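In: Provided below for reference: sequence and predicted model.
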Amino acid sequence: MTPEPSTWGIHPAHAGRTVQRHLHDLLGISHRTARGLIDAGAVRCNGRVVTRPDHRLVAGDRLEAGWDPARRYRGAPAATAGPGST
């Protein structure tokens with residue numbers, strides 16, 4: 001079953017926030033869960049899938065998120081430098 005998405009308009013007072021921060025504050029979820037929703041492709045801004053948690057919102061943007069409350073969303077681990085990197 002695909003969950004129904006929730007949609008929010010971005011108020012001028014929230015312009016400049018990251019998508020991850022806005023989801024955290026709006027939904028009362030952890031930053032890690034907010035990042036997990038983004039990594040899962042469950043978040044859209046103005047109809048486009050958000051791929052970066054640090055995407056900055058602009059007043060008037062339409063943010064949409066659809067998720068399954070029974071599923072655990074965890075962000076992908078941060079990239080680490082591998083052998084030979086400087």
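Out: Sure thing, it's come through.
In: pLDDT score for P83?
Out: P83 is assigned a pLDDT of 64 by the prediction.
In: so which residue is dead centre in this protein?
Out: To find the centre residue of the chain, average its C-alpha atoms and take the closest one (CA atoms, centre = their mean): that gives I38, at 3.9 Å.
In: so it sits in a helix?
Out: Yes. The assignment for I38 is a helix, going by DSSP: H, G, I helix; E, B strand; the rest coil.
In: my read is that it contacts P53, right?
Out: Yes. Using CB atoms under 8 Å as the test, I38 is close enough to P53 to be in contact (5.0 Å). (C-beta placed from N, C-alpha, C; glycine too.)
In: which neighbours do those two share?
Out: Listed contacts common to I38 and P53 are V19, Q20, G75; contacts here mean CB atoms under 8 Å, 6 or more residues apart in numbering.
In: most neighbours among the residues you listed, which one?
Out: Comparing the shared contacts of I38 and P53 by number of neighbours (other CB atoms under 10 Å), V19 comes first, having 26 neighbours.
In: tell me the contacts of that residue?
Out: Contact analysis of V19 by CB under 8 Å, 6+ apart lists A34, I38, V43, C45, V50, R52, P53, D54, H55, L57, L63.
In: right, I'll call it a day here.
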